[in-house]
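Peer 1: Let's see this in three dimensions:
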Amino acid sequence: MAKSKISVRRELRQPDGFMKTVNAVQVYAKSHSKKVIAGGIVVLALLIMVLGTRAYLGYQNKQASMILAVGLQYFDDMSQPDSLKTGIAKLETGAGTSRLAASYPLACYLRGNGYYVLKQYDKADQAYQEALGKAASDPYVADLCRLGMAYVDFEKQDYSGCLEILAKIQADHTSTSEDVYLLLGMSYENLKKYEQAKAAYENLVQFVPDTRYKGWVDERLEYFKLIAG
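Peer 2: You can find the predicted model right below:
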(Lines give C-alpha, C1' and ligand atoms only; values in the text may rest on other atoms or scores of the structure.)
Protein backbone atom coordinates (compact mmCIF):
# COMPACT_ATOMS: atom_id res chain seq x y z
CA MET A 1 0.00 0.00 0.00
CA ALA A 2 1.42 3.34 -1.04
CA LYS A 3 2.25 5.74 1.74
CA SER A 4 -0.13 8.67 1.78
CA LYS A 5 1.44 12.01 1.12
CA ILE A 6 1.62 14.36 4.12
CA SER A 7 0.92 17.93 3.15
CA VAL A 8 3.41 20.66 4.03
CA ARG A 9 0.73 22.38 6.06
CA ARG A 10 0.12 19.29 8.18
CA GLU A 11 3.82 18.57 8.54
CA LEU A 12 4.49 22.07 9.81
CA ARG A 13 2.04 21.74 12.66
CA GLN A 14 4.64 19.86 14.68
CA PRO A 15 7.98 21.37 15.77
CA ASP A 16 9.97 18.38 14.46
CA GLY A 17 8.25 18.71 11.12
CA PHE A 18 9.06 22.38 10.98
CA MET A 19 12.75 21.82 11.63
CA LYS A 20 12.97 18.89 9.20
CA THR A 21 11.31 20.93 6.48
CA VAL A 22 13.56 23.94 6.95
CA ASN A 23 16.69 21.78 7.09
CA ALA A 24 15.65 19.84 4.01
CA VAL A 25 15.16 23.03 2.01
CA GLN A 26 18.52 24.38 3.14
CA VAL A 27 20.32 21.12 2.26
CA TYR A 28 18.58 21.02 -1.12
CA ALA A 29 19.55 24.62 -1.87
CA LYS A 30 23.21 23.92 -1.06
CA SER A 31 23.48 20.66 -3.01
CA HIS A 32 21.68 21.96 -6.10
CA SER A 33 23.00 25.50 -6.18
CA LYS A 34 24.53 24.98 -9.64
CA LYS A 35 21.42 23.39 -11.17
CA VAL A 36 18.62 25.68 -10.01
CA ILE A 37 17.90 29.36 -9.90
CA ALA A 38 19.32 30.49 -6.58
CA GLY A 39 16.75 33.23 -6.15
CA GLY A 40 13.89 30.76 -6.48
CA ILE A 41 15.34 28.46 -3.86
CA VAL A 42 15.91 31.34 -1.45
CA VAL A 43 12.32 32.49 -1.87
CA LEU A 44 11.08 28.94 -1.34
CA ALA A 45 13.23 28.51 1.76
CA LEU A 46 12.06 31.80 3.21
CA LEU A 47 8.43 30.99 2.44
CA ILE A 48 8.61 27.61 4.16
CA MET A 49 10.50 29.11 7.11
CA VAL A 50 7.84 31.83 7.53
CA LEU A 51 4.98 29.33 7.27
CA GLY A 52 6.82 26.96 9.56
CA THR A 53 7.55 29.66 12.12
CA ARG A 54 3.91 30.69 12.25
CA ALA A 55 2.78 27.11 12.64
CA TYR A 56 5.47 26.45 15.23
CA LEU A 57 4.55 29.51 17.29
CA GLY A 58 0.89 28.58 17.04
CA TYR A 59 1.75 25.12 18.33
CA GLN A 60 3.85 26.63 21.13
CA ASN A 61 1.07 29.00 22.18
CA LYS A 62 -1.48 26.21 22.21
CA GLN A 63 0.77 23.95 24.26
CA ALA A 64 1.74 26.77 26.62
CA SER A 65 -1.86 27.82 27.23
CA MET A 66 -2.71 24.24 28.18
CA ILE A 67 0.29 24.02 30.52
CA LEU A 68 -0.58 27.39 32.06
CA ALA A 69 -4.20 26.36 32.61
CA VAL A 70 -3.13 23.14 34.32
CA GLY A 71 -0.56 24.90 36.49
CA LEU A 72 -2.83 27.78 37.49
CA GLN A 73 -5.31 25.59 39.32
CA TYR A 74 -2.63 24.75 41.88
CA PHE A 75 -2.07 28.43 42.72
CA ASP A 76 -5.64 29.11 43.90
CA ASP A 77 -4.71 28.59 47.54
CA MET A 78 -1.25 30.03 48.18
CA SER A 79 -1.33 28.71 51.75
CA GLN A 80 -0.99 25.09 50.61
CA PRO A 81 2.72 24.27 50.10
CA ASP A 82 2.10 20.89 48.46
CA SER A 83 -0.30 22.43 45.96
CA LEU A 84 2.21 25.16 45.13
CA LYS A 85 4.99 22.63 44.61
CA THR A 86 2.76 20.69 42.23
CA GLY A 87 1.87 23.85 40.33
CA ILE A 88 5.51 24.85 40.01
CA ALA A 89 6.39 21.37 38.77
CA LYS A 90 3.62 21.50 36.16
CA LEU A 91 4.86 24.84 34.86
CA GLU A 92 8.49 23.73 34.87
CA THR A 93 7.65 20.54 32.98
CA GLY A 94 6.25 22.56 30.12
CA ALA A 95 8.89 25.27 30.15
CA GLY A 96 11.23 23.54 27.71
CA THR A 97 8.56 23.23 25.01
CA SER A 98 7.01 26.64 25.49
CA ARG A 99 9.84 29.17 25.60
CA LEU A 100 8.66 30.90 22.44
CA ALA A 101 5.03 31.07 23.56
CA ALA A 102 3.39 34.35 24.47
CA SER A 103 2.40 33.03 27.90
CA TYR A 104 5.92 31.88 28.84
CA PRO A 105 6.82 35.05 30.82
CA LEU A 106 3.60 34.71 32.83
CA ALA A 107 4.37 31.06 33.57
CA CYS A 108 7.83 32.04 34.83
CA TYR A 109 6.31 34.83 36.92
CA LEU A 110 3.86 32.40 38.53
CA ARG A 111 6.70 30.02 39.33
CA GLY A 112 8.48 32.93 40.99
CA ASN A 113 5.41 33.66 43.11
CA GLY A 114 5.24 30.03 44.15
CA TYR A 115 8.89 29.92 45.15
CA TYR A 116 8.50 33.22 47.00
CA VAL A 117 5.62 31.90 49.11
CA LEU A 118 7.67 28.77 49.80
CA LYS A 119 10.50 31.07 50.96
CA GLN A 120 12.85 29.72 48.28
CA TYR A 121 14.01 33.21 47.46
CA ASP A 122 16.95 32.39 45.18
CA LYS A 123 14.73 30.26 42.95
CA ALA A 124 12.03 32.94 43.04
CA ASP A 125 14.50 35.59 41.94
CA GLN A 126 15.77 33.35 39.13
CA ALA A 127 12.21 32.77 37.87
CA TYR A 128 11.36 36.48 38.01
CA GLN A 129 14.54 37.37 36.12
CA GLU A 130 13.82 34.75 33.48
CA ALA A 131 10.30 36.11 33.08
CA LEU A 132 11.63 39.67 32.84
CA GLY A 133 14.03 38.65 30.10
CA LYS A 134 11.10 37.37 28.04
CA ALA A 135 8.69 40.20 28.87
CA ALA A 136 10.47 43.14 27.26
CA SER A 137 7.48 43.88 25.03
CA ASP A 138 4.98 43.79 27.90
CA PRO A 139 5.66 46.59 30.41
CA TYR A 140 2.91 45.38 32.76
CA VAL A 141 4.40 41.90 33.14
CA ALA A 142 7.89 43.42 33.30
CA ASP A 143 6.82 45.60 36.23
CA LEU A 144 5.31 42.60 38.00
CA CYS A 145 8.59 40.73 37.58
CA ARG A 146 10.61 43.64 38.94
CA LEU A 147 8.21 43.98 41.86
CA GLY A 148 8.69 40.29 42.62
CA MET A 149 12.47 40.77 42.52
CA ALA A 150 12.12 43.74 44.88
CA TYR A 151 10.12 41.63 47.34
CA VAL A 152 12.84 38.97 47.19
CA ASP A 153 15.56 41.53 47.96
CA PHE A 154 13.48 42.86 50.85
CA GLU A 155 13.05 39.37 52.32
CA LYS A 156 16.81 38.82 51.99
CA GLN A 157 17.32 42.14 53.81
CA ASP A 158 18.98 43.70 50.79
CA TYR A 159 17.07 46.96 51.23
CA SER A 160 19.35 48.98 48.99
CA GLY A 161 18.88 46.45 46.19
CA CYS A 162 15.14 46.60 46.74
CA LEU A 163 15.18 50.40 46.41
CA GLU A 164 17.17 50.22 43.17
CA ILE A 165 14.58 47.94 41.59
CA LEU A 166 11.69 50.11 42.78
CA ALA A 167 13.40 53.18 41.34
CA LYS A 168 13.58 51.37 37.99
CA ILE A 169 9.84 50.63 38.10
CA GLN A 170 9.00 54.24 38.86
CA ALA A 171 11.42 55.66 36.29
CA ASP A 172 10.06 53.48 33.50
CA HIS A 173 6.35 53.67 34.09
CA THR A 174 5.66 56.10 36.96
CA SER A 175 3.87 53.29 38.76
CA THR A 176 1.41 54.22 41.51
CA SER A 177 1.16 50.65 42.77
CA GLU A 178 0.54 50.51 46.50
CA ASP A 179 3.07 47.68 46.74
CA VAL A 180 5.77 49.96 45.30
CA TYR A 181 5.12 52.68 47.89
CA LEU A 182 4.83 50.13 50.69
CA LEU A 183 8.16 48.52 49.84
CA LEU A 184 9.76 51.94 49.46
CA GLY A 185 8.59 52.94 52.92
CA MET A 186 9.60 49.70 54.62
CA SER A 187 13.01 49.62 52.93
CA TYR A 188 13.78 53.19 53.92
CA GLU A 189 12.56 52.48 57.44
CA ASN A 190 14.85 49.47 57.77
CA LEU A 191 17.73 51.66 56.59
CA LYS A 192 16.69 54.17 59.28
CA LYS A 193 15.96 56.80 56.63
CA TYR A 194 12.79 57.89 58.34
CA GLU A 195 12.07 61.04 56.32
CA GLN A 196 12.14 59.09 53.06
CA ALA A 197 10.02 56.34 54.63
CA LYS A 198 7.48 58.91 55.83
CA ALA A 199 7.30 60.45 52.35
CA ALA A 200 6.72 57.04 50.76
CA TYR A 201 3.89 56.20 53.17
CA GLU A 202 2.31 59.62 52.64
CA ASN A 203 2.46 59.10 48.88
CA LEU A 204 0.80 55.74 49.34
CA VAL A 205 -2.28 57.14 51.09
CA GLN A 206 -2.35 60.12 48.72
CA PHE A 207 -2.17 58.24 45.42
CA VAL A 208 -3.99 55.09 46.58
CA PRO A 209 -6.54 56.44 49.11
CA ASP A 210 -8.42 53.14 49.32
CA THR A 211 -5.27 51.13 49.95
CA ARG A 212 -5.65 47.94 51.95
CA TYR A 213 -2.59 49.04 53.93
CA LYS A 214 -4.13 52.30 55.22
CA GLY A 215 -4.52 51.23 58.86
CA TRP A 216 -0.95 49.97 59.04
CA VAL A 217 0.44 53.05 57.26
CA ASP A 218 -1.42 55.38 59.65
CA GLU A 219 0.28 53.59 62.55
CA ARG A 220 3.69 54.05 60.97
CA LEU A 221 3.07 57.76 60.38
CA GLU A 222 2.02 58.18 64.02
CA TYR A 223 5.22 56.41 65.05
CA PHE A 224 7.32 58.86 63.03
CA LYS A 225 5.59 61.76 64.79
CA LEU A 226 6.50 60.26 68.15
CA ILE A 227 10.17 59.70 67.38
CA ALA A 228 10.39 63.18 65.87
CA GLY A 229 9.37 64.60 69.24
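
Peer 1: in the helix or strand residue 105 falls within, what counts as buried?
Peer 2: In the assignment (DSSP states H and E), residue 105 maps to helix 104-117. For helix 104-117, the neighbour count (16 or more other CB atoms under 10 Å) marks 104-116 as buried. For every residue, glycine as well, the C-beta is placed using N, CA and C.

Peer 1: contacts for the next helix or strand after that helix?
Peer 2: For helix 104-117, the succeeding helix or strand toward the C-terminus, using DSSP H and E, is helix 121-134. Residues outside helix 121-134 that contact it (CB atoms under 8 Å, 6 or more residues apart in numbering) are 99, 104-109, 111-116, 141-142, 145-146, 148-149, 152, 155-156.

Peer 1: List the buried residues of helix 121-134.
Peer 2: Applying 16+ other CB under 10 Å to helix 121-134 flags 121, 123, 124, 125, 126, 127, 128, 129, 130, 131, 132, 134 as buried.

Peer 1: with those in mind, which one is nearest to residue 198?
Peer 2: Using CB to CB, residue 121 comes nearest to residue 198 of the buried residues of helix 121-134, at 28.0 Å.

Peer 1: what's near enough to touch the spatially closest residue to that closest one that is not a sequence neighbour?
Peer 2: Nearest-residue entry for residue 121: residue 152, 4.9 Å, with adjacent residues in sequence omitted and distances by CB to CB, 6 or more residues apart in numbering. By CB under 8 Å, 6+ apart, the contact list for residue 152 reads 116, 121, 124, 125, 128.

Peer 1: which of those sit farthest apart?
Peer 2: 121 and 128 (10.3 Å).

Peer 1: Run a quick neighbour tally on residue 228.
Peer 2: By other CB atoms under 10 Å, the residues close to residue 228 number 9.

Peer 1: Would you check how far apart it and residue 198 are?
Peer 2: 9 Å (CB to CB, to the nearest Å).

Peer 1: just residue 211 next, same as before
Peer 2: The value you get for residue 211 to residue 198, if CB to CB is used, is 16 Å.

Peer 1: How many neighbouring residues does residue 210 have?
Peer 2: Count around residue 210 with other CB under 10 Å applied: 7.

Peer 1: quick one: it and residue 161, what's the gap?
Peer 2: Distance from residue 210 to residue 161, by CB to CB: 30 Å.

Peer 1: where do the helices sit along this structure?
Peer 2: Taking DSSP state H as the criterion, the chain carries its helices at 8-11, 15-31, 38-72, 81-95, 104-117, 121-134, 139-155, 159-173, 178-190, 194-207, 214-228.

Peer 1: about what we covered before: nearest to residue 221, of the buried residues of helix 121-134?
Peer 2: So of those, ranked by how close each gets to residue 221 (CB to CB), first place is residue 121, at 29.4 Å.
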